[in-house]
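1. what follows is a predicted structure for the sequence shown.
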Amino acid sequence: MDKIITAIISLILSANTYTFVYTQGRREGIEQTTIITEDIVQKTPEEKIFPTKTVIRNSTPTSSSWWSYPSDIKKVSRSGDDFLVLVNKEYQLPSTYVPTDLVSICSNVTNLRCVNNTNFLIRSILISDLQEMVNAATQDGIDLSVRSAYRSYSTQQTTYNYWLSVNGGNVGATDQISARPGHSQHQLGTAIDFSSTEINDGLGGTFANTQASKWLANNAWKYGFVISYPADYESVTGYSYESWHYRYIGKANTQDMINSGMILELYLRSKN
């Protein structure tokens, strides 16, 4: 009888193979096949991680998976300096591209905190509109901070490798939450990850429930900023919902985008 029970237990265990991925906090919409987890929080490699265990059933991503990269990677069709350049999983920036007008955000914008006093960089061309947006948010009692801005090609490689390590080498899980080098909007110098004291300047799914997030969702477009990876469009953008990630495309372009009824990804595709 003991042998029979042992055999049954072994059969059950063999039918349930899991990959363990270590994450912190909450992040919306991270799926492979089945994920039993709190949502994932994205942090830069130099920050501390206090992991909790997440369980993902083993599966092999296919070319039809929304987070997958196509086999044919193309060069961007516009200059990286162009506000309407399309950078996604199909179109890649050159490794040599660096904006020529990068400046320190918190040395040039008041009432906007840089987390951990990090010298975050952004293109100078958008400083005026960013300051105008922060002033409006402050007047409405909204606190905003910056968690990430410009990242070079090499920094994005480090960031991607970090998340690949955090996810135990699971490429599919990593591609849902982090761009490979050359495919990140952060390399443009026009993308900002925002946070707030409401969540202790954290970064992740909890930001979506803050007043800061709601204010940005309703007002950022007026100042040229739009959310890049909105909820329920994972299969279009190729990334999980990021309530904190905004890209600047200029006031005129955001108005045109709003009038078109398209999200940023589709709007940029129509322009490239």
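-> Everything's here; your move.
2. would you map the helices across the stretch 1-150 of the chain?
-> Under the criterion DSSP state H, counting those that start in this stretch, the stretch 1-150 of the chain contains helices at 2-14, 127-139.
3. so Phe194 sits right up against Ser145, yeah?
-> Yes: with contact defined as Cβ atoms under 8 Å, Phe194 counts as touching Ser145 (6.9 Å). The C-beta positions use only the backbone N, C-alpha and C, and glycine is treated the same way.
4. any weak-confidence spans in the stretch 51-200 of the chain?
-> The stretch 51-200 of the chain contains residues with pLDDT under 70 at 51-63.
5. strands of that one, start to end?
-> 52-57, 74-75, 91-92, 102-104, 113-114, 121-123, 145-148, 191-195 (DSSP state E, counting those that start in this stretch).
6. quick one: strands adjacent to the third one?
-> If I follow you right, that is strand 91-92. Next to strand 91-92 in the sheet, as set by DSSP bridges, lie strand 74-75 (parallel).
7. now do the strand it pairs with: distance to the chain's middle.
-> On the basis of Cα atoms, centre = their mean, to the nearest Å, strand 74-75 is displaced by 21 Å from the centre of the chain it belongs to.
8. report pLDDT for Thr17.
-> On pLDDT, Thr17 comes in at 31.
9. turn the strands of the stretch 51-200 of the chain into TSV, including distance to Met262 and mean neighbour count.
-> Shown next, in TSV, are the strands of the stretch 51-200 of the chain (distance: least, Cβ to Cβ, whole Å; neighbours: other Cβ atoms under 10 Å):
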stretch	distance to Met262	mean neighbour count
strand 52-57	32	15
strand 74-75	21	10
strand 91-92	17	21
strand 102-104	29	16
strand 113-114	32	18
strand 121-123	24	21
strand 145-148	25	23
strand 191-195	18	23
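10. kindly reformat those strands as CSV containing distance to Pro181.
-> Formatted as CSV, these follow (distance: least, Cβ to Cβ, whole Å):
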stretch, distance to Pro181
strand 52-57, 24
strand 74-75, 14
strand 91-92, 9
strand 102-104, 18
strand 113-114, 24
strand 121-123, 17
strand 145-148, 15
strand 191-195, 15
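11. between those, which gets nearest to Asn272?
-> Among these, strand 91-92 comes nearest to Asn272, with 7.4 Å by Cβ to Cβ.
12. so for stretch 217-233, what gets flagged as buried?
-> Buried residues in stretch 217-233, counted by 16 or more other Cβ atoms under 10 Å: 220-221, 223-230, 233.
13. for stretch 248-260, same thing?
-> Buried residues in stretch 248-260, counted by 16+ other Cβ under 10 Å: 248-250, 253-254, 257.
14. taking those together, which two end up most distant?
-> Farthest pair in these (Cβ to Cβ) is Tyr248 and Met257. Separation: 12.1 Å.
15. stretch 165-182: end-to-end distance?
-> With Cα to Cα, to the nearest Å as the measure, stretch 165-182 spans 19 Å from end to end.
16. should've said stretch 95-109
-> 29 Å.
17. in that stretch, what counts as buried?
-> Neighbour counts over stretch 95-109 (16+ other Cβ under 10 Å) mark 97, 99, 102-106, 109 as buried.
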